[in-house]
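S.K.: model this:
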Amino acid sequence: MRKINFLLYAVGLVILALGCAQQSSPTGGPKDVTPPKLVLSVPLNQTTRYEGKRIELEFDEYVSVDNINQQLLITPALDGNYTVKIRPKGAILNLEKPLRPYTTYSFNFRETFKDVTERNPARNVKLVFSTGALIDSLSVRGTVTDVLTSKPLLEATVGLYPVSDTLQFSKVRPYYFARTDSAGTYALENLKPDTYRLAAFTDGNNNVLYDAAKERIGFETDSFKLTGNLSNRDLQVAFADRTPNRVVTTRPAINYYTVVYAKGVKQALVRFQTPADSLPYLFVDEKQLRFFNVKNATDTIRASIEATDSLDLVFRHEQKIKFRPKGRREEGTREAFELKTSPADRAETPNPLVYKLRFNKPILRYDLKQLSILGDTLNRAKLTEQNLIWNETRNEVTITTPFQASKGVRVSIPKATFISVEQDSNQVIRSYHPLFVPENYGTIRGTVTGRNTGFLVELLDESYKVIQSQRDQAKYEFRYVKPGTYFVRLVVDRNGNGRWDPGDASQFEQPERILFLPSTIPAKADWEVSGNDFKID
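M.R.: Take a look at the predicted model:
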C-alpha cells in the first residue's frame with residue numbers, strides 16, 4: 001500500500017512539472033497592430049531582364065497564407081499554371097512555363113499574407129518586374145458603378161483587351177486586369193503602349209471571363225490607343241443577358257404540366273396544333289409556364305410556344321404536353337385556390353379606385369353583379385365590363401372605377417364571385433380603404449431640359465424600387481409621396497419603347513443612359529420639393 005501511494009505521489013509530481021514546463025501565449029501587453037513587412041523577394045521589385053521561373057517572398061515575422069489563388073492578381077496572365085510552397089515566413093511560387101520575353105509582369109498579392117497573431121494583412125505586397133530591358137509604366141484609372149443605382153462596385157474586374165475583330169468578353173480574358181476597391185475605383189498599371197478595349201464586369205466565379213447569364217458588364221464603345229496615363233475612365237455595369245432562352249426541364253403531373261425556362265419570360269403566345277386540345281395556362285413565376293389538365297387529357301397535346309423575355313427576345317419551340325396518367329386509386333392533387341388583392345386592406349386610395357385581383361389559376365367565369373364597391377358604405381359604384389381589364393392568361397384583373405365618398409371606399413367580394421378553370425371558388429374578400437389625405441404626403445417636382453429623345457423620370461425608394469414613373473414630361477411631378485428618403489433618376493429612352501434597355505455587349509452597343517440627381521430627396525408631409533432638374537446633354 002505504501003508503494004502504491006508513493007507511486008501516485010511521484011506521478012503527480014511529474015504531471016505538475018510537465019504542466020509548468022508547457023508554453024502558452026503571453027497574456028496582457030499591447031495589441032499587435034504592425035502588419036508583416038516584406039524583407040526579401042525573388043526577383044526584387046523593379047527587376048529587369050528576369051529569366052527565372054520562381055517567385056519568392058519572405059517577411060519579417062511568421063505569416064499565414066490565405067486564398068492565394070483568389071487574392072493573387074497576375075498581369076498579364078501566365079501561359080501556364082503555378083504551384084505554391086508555403087514557408088513559415090512567406091511562400092515560393094514555381095511557374096510551370098517560362099515567362100514571355102520583353103514583358104512587364106505585375107504580381108499583386110493583395111491580402112494573401114497575414115501575421116499569425118492578430119491577422120494583420122501585409123500591405124502593398126506587389127512585385128513588378130520585366131523580362132526585357134524596360135519596365136512598362138503606363139496606367140488607366142477610373143471608377144465602376146452600377147448603372148441602375150449609381151452605387152460603386154467592390155471587386156469588379158476591369159480589363160484591357162488587345163483589339164480584335166472577333167473579341168467576345170465571354171470567350172477572351174483581358175491581357176491586363178485589376179479589381180475595384182470599396183469606392184469602386186480601379187488602377188491598371190505597368191501597361192505597355194498599344195491599342196485596347198476597356199471593359200468591367202462582376203466576375204462572380206473569378207475566372208476572368210464574362211458570364212452574361214449571371215454577371216453585369218460595362219464597356220467603352222470604341223477602342224483607344226494608349227500612349228500616356230489615362231484617368232477618369234469610368235464605367236457603368238448592368239445585366240445584359242442576350243443568350244438564347246431554352247427549356248430547362250418539364251414537370252408532368254396528373255393535373256398540371258409545367259415547362260421551366262432558363263431565363264425569365266414576360267409573356268408567352270401558345271398555339272395548339274389542334275384547337276380542340278386547347279388548355280388554360282399561366283405563369284407560376286417568371287420561369288415556369290403551367291398548363292391545366294381540365295379535360296382529363298391522356299394523349300399527347302402538341303403546341304407551338306413563343307416565349308418573350310424582358311429584352312423582347314423571342315424563343316420559339318415546339319412542346320409536347322403529356323400529363324402523368326392516374327393510378328387506379330389516384331385522383332391527383334389540386335392546389336388550393338388563392339386570391340391576392342392590391343391595395344391591401346386599410347391602405348389609402350385615390351379616387352378613382354384602382355383595385356387589382358391576382359389568382360393562382362385562370363378564371364373560367366365570374367359574376368360581376370356580386371362584386372360590390374361602396375363609397376362611405378352608401379354609394380355603390382356602377383361596374384360594367386369596361387371597368388375590368390384582364391391579362392392574357394385570365395388570372396389577373398384590374399378594376400378601375402370612380403366612386404362618391406368623403407371618407408373611404410369598401411370592397412366586398414362574396415364567395416363564388418370568381419370560379420377557376422378547376423371549378424373552385426374564391427374566398428370571401430372584404431376590405432376598407434380610406435381616401436388619401438393630401439396633407440399627409442409630399443410632392444416632388446422638377447424639369448427636364450435639353451431633350452431630343454424620349455425619357456422616363458422615376459421615383460425610387462431607398463431600396464431602389466420604382467415607386468412612381470412619368471414618361472416624356474418636361475415638367476414632372478410626383479404626388480402623394482409618403483414621408484421618407486427617395487432617389488430620382490432619368491432614363492434616356494432612345495428607342496422610345498417606354499423602358500430602359502441594357503444594350504448588347506457582343507455588338508459593343510451601349511445601354512440606354514441613366515442620370516441620377518446628385519443627392520437623395522427627403523419627402524415630408526404637406527411639403528413640396530421643387531428644383532430637382534435634369535439636363536440631357
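S.K.: Helices of the stretch 1-150 of the chain, start to end?
M.R.: 2-21, 68-71 (DSSP state H, counting those that start in this stretch).
S.K.: domains in this protein, as residue ranges please.
M.R.: The chain breaks down by automatic domain parsing into domains covering 38-130, 138-239, 247-321, 339-436, 439-535.
S.K.: Can you give me the first-to-last residue distance of the last one?
M.R.: Spelled out, that is domain 439-535. 31 Å (CA to CA, to the nearest Å).
S.K.: pLDDT of that domain, averaged?
M.R.: On average, the pLDDT along domain 439-535 is 95.
S.K.: Residue 344 in helix, strand or coil?
M.R.: What DSSP: H, G, I helix; E, B strand; the rest coil gives for residue 344 is coil.
S.K.: I'd like to know how many residues surround it.
M.R.: 9 (other CB atoms under 10 Å). In short, each C-beta sits where N, CA and C put it, glycine included.
S.K.: Setting the sequence-adjacent residues aside, check what's closest to it.
M.R.: With sequence-adjacent residues excluded and distances taken as CB to CB, 6 or more residues apart in numbering, residue 344 is closest to residue 431, at 7.5 Å.
S.K.: Neighbouring strands of the helix or strand containing that neighbour in the sheet, and parallel or not?
M.R.: Using DSSP states H and E, residue 431 maps to strand 429-434. Here strand 429-434 is paired, per DSSP bridges, with strand 408-413 (antiparallel).
S.K.: for the partner strand, which positions count as buried?
M.R.: 408-411, 413 (16 or more other CB atoms under 10 Å).
S.K.: what packs against the helix or strand following that strand?
M.R.: Following strand 408-413 in sequence order, the next helix or strand is strand 418-420 (DSSP H and E). If you count contacts as 3 or more CB pairs under 8 Å, 6 or more residues apart in numbering; DSSP states H and E, strand 418-420 packs onto strand 353-359, strand 363-366.
S.K.: Verify the contact between residue 431 and residue 374 for me.
M.R.: No. Counting by CB atoms under 8 Å, residue 431 sits too far from residue 374 to count as a contact (11.3 Å).
S.K.: Could you list the low-confidence segments of the stretch 101-250 of the chain?
M.R.: Within the stretch 101-250 of the chain, not a single segment meets pLDDT under 70.
S.K.: What ranges does it have for its strands?
M.R.: For the stretch 101-250 of the chain, applying DSSP state E, counting those that start in this stretch gives strands covering 104-108, 113-115, 126-130, 138-146, 157-162, 176-179, 185-191, 194-201, 216-219, 224-226, 235-239, 247-252.
S.K.: Outside of stretch 242-259 itself, which residues are in contact with it?
M.R.: The contact list for stretch 242-259, computed with CB atoms under 8 Å, 6 or more residues apart in numbering, reads 212-213, 260-263, 265, 284, 287-293, 305, 307, 309, 311, 313, 315, 317, 319, 321-326, 330-334, 422, 504-506.
S.K.: Test my guess that residue 204 contacts residue 217.
M.R.: No. Using CB under 8 Å, residue 204 makes no contact with residue 217, being 11.9 Å away.
S.K.: More neighbours: which of those two?
M.R.: Taking neighbours as other CB under 10 Å, residue 204 and residue 217 compare with residue 217 leading, 26 against 12.
S.K.: For the more buried one, list the residues it contacts.
M.R.: Residue 217 touches 169, 199-202, 210, 237-238, 240, 505, counting by CB under 8 Å, 6+ apart.
S.K.: same deal with residue 260?
M.R.: Taking CB under 8 Å, 6+ apart as the test, what residue 260 contacts is 247-251, 287-288.
S.K.: and these, which are buried?
M.R.: For the contacts of residue 260, a burial check counting by 16+ other CB under 10 Å picks out residue 287.
S.K.: Show me which of the contacts of residue 260 is closest to residue 276.
M.R.: residue 250 (22.4 Å; CB to CB).
S.K.: Identify the bridge partners of that closest one.
M.R.: Note on residue 250: beta-bridge partners by DSSP bridges are residue 259.
S.K.: returning to that earlier point: save the buried residues of strand 408-413 as JSON lines, and put in distance to residue 523 and pLDDT too.
M.R.: Listed next are the buried residues of strand 408-413 as JSON lines, based on distance: CB to CB, whole Å; pLDDT from 0 to 100:
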{"residue": "408", "distance to residue 523": "23", "pLDDT": "95"}
{"residue": "409", "distance to residue 523": "25", "pLDDT": "97"}
{"residue": "410", "distance to residue 523": "29", "pLDDT": "97"}
{"residue": "411", "distance to residue 523": "28", "pLDDT": "97"}
{"residue": "413", "distance to residue 523": "33", "pLDDT": "97"}
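S.K.: which of the residues you listed sit farthest apart?
M.R.: Maximum distance among the buried residues of strand 408-413 (CB to CB): 16.9 Å, for 408 and 413.
S.K.: ok, back up a step: next one: the strand holding residue 431 to chain centre, how far?
M.R.: 36 Å (CA atoms, centre = their mean, to the nearest Å).
S.K.: Would you format the domains of the chain as CSV with distance to residue 32 included?
M.R.: Output for the domains of the chain, formatted as CSV (distance: least, CB to CB, whole Å):
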stretch, distance to residue 32
domain 38-130, 5
domain 138-239, 25
domain 247-321, 51
domain 339-436, 56
domain 439-535, 40
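S.K.: Would you tell me which one of those domains is buried the most?
M.R.: Most buried of those, by mean neighbour count (mean count of other CB atoms under 10 Å): domain 138-239, with a mean of 18.
S.K.: Could you tell me the end-to-end distance of it?
M.R.: 31 Å.
S.K.: That domain: how far from the chain's middle?
M.R.: Here domain 138-239 is found 18 Å from its chain centre; the criterion is CA atoms, centre = their mean.
S.K.: same deal with stretch 97-117?
M.R.: How far stretch 97-117 lies from its chain's middle: 31 Å, per CA atoms, centre = their mean.
S.K.: First-to-last residue distance for that stretch?
M.R.: With CA to CA as the measure, the first residue of stretch 97-117 is 36 Å from its last.
S.K.: Ok, stretch 286-300 next?
M.R.: End-to-end distance (CA to CA), stretch 286-300: 25 Å.
S.K.: mind saving the C-alpha coords of stretch 71-90 as CSV?
M.R.: The C-alpha trace of stretch 71-90 is given here as CSV (Å, rounded to 0.1, in the frame of the first residue of the first chain):
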residue,chain,number,x,y,z
GLN,A,71,-6.1,37.0,-53.9
LEU,A,72,-3.2,37.0,-56.3
LEU,A,73,-3.7,39.0,-59.4
ILE,A,74,-1.1,38.3,-62.1
THR,A,75,-1.0,40.6,-65.2
PRO,A,76,-0.5,39.8,-68.0
ALA,A,77,-1.8,36.2,-67.4
LEU,A,78,0.8,33.4,-67.2
ASP,A,79,1.0,31.0,-70.1
GLY,A,80,0.8,28.1,-67.6
ASN,A,81,-0.1,27.4,-64.0
TYR,A,82,2.0,27.7,-60.9
THR,A,83,2.4,25.7,-57.7
VAL,A,84,2.7,27.2,-54.2
LYS,A,85,5.1,26.1,-51.4
ILE,A,86,4.2,27.6,-48.1
ARG,A,87,7.1,28.7,-45.9
PRO,A,88,6.9,29.8,-42.2
LYS,A,89,7.6,33.4,-43.2
GLY,A,90,6.4,33.5,-46.7
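S.K.: what sits against the spatially closest residue to residue 191 that is not a sequence neighbour?
M.R.: Nearest in space to residue 191, with sequence neighbours left out and distances taken as CB to CB, 6+ apart, is residue 138 at 4.2 Å. For residue 138, the contact set (CB under 8 Å, 6+ apart) comprises 190-193, 226-229.
S.K.: Check what pLDDT the closest residue to residue 402 other than its chain neighbours gets.
M.R.: Setting aside the residues directly before and after it, residue 402 is nearest to residue 352 in space (CB to CB, 6+ apart), at 4.0 Å. Looking at residue 352, its pLDDT stands at 94.
S.K.: could you measure residue 352 against residue 54, distance?
M.R.: Separation of residue 352 from residue 54 (CB to CB, to the nearest Å): 77 Å.
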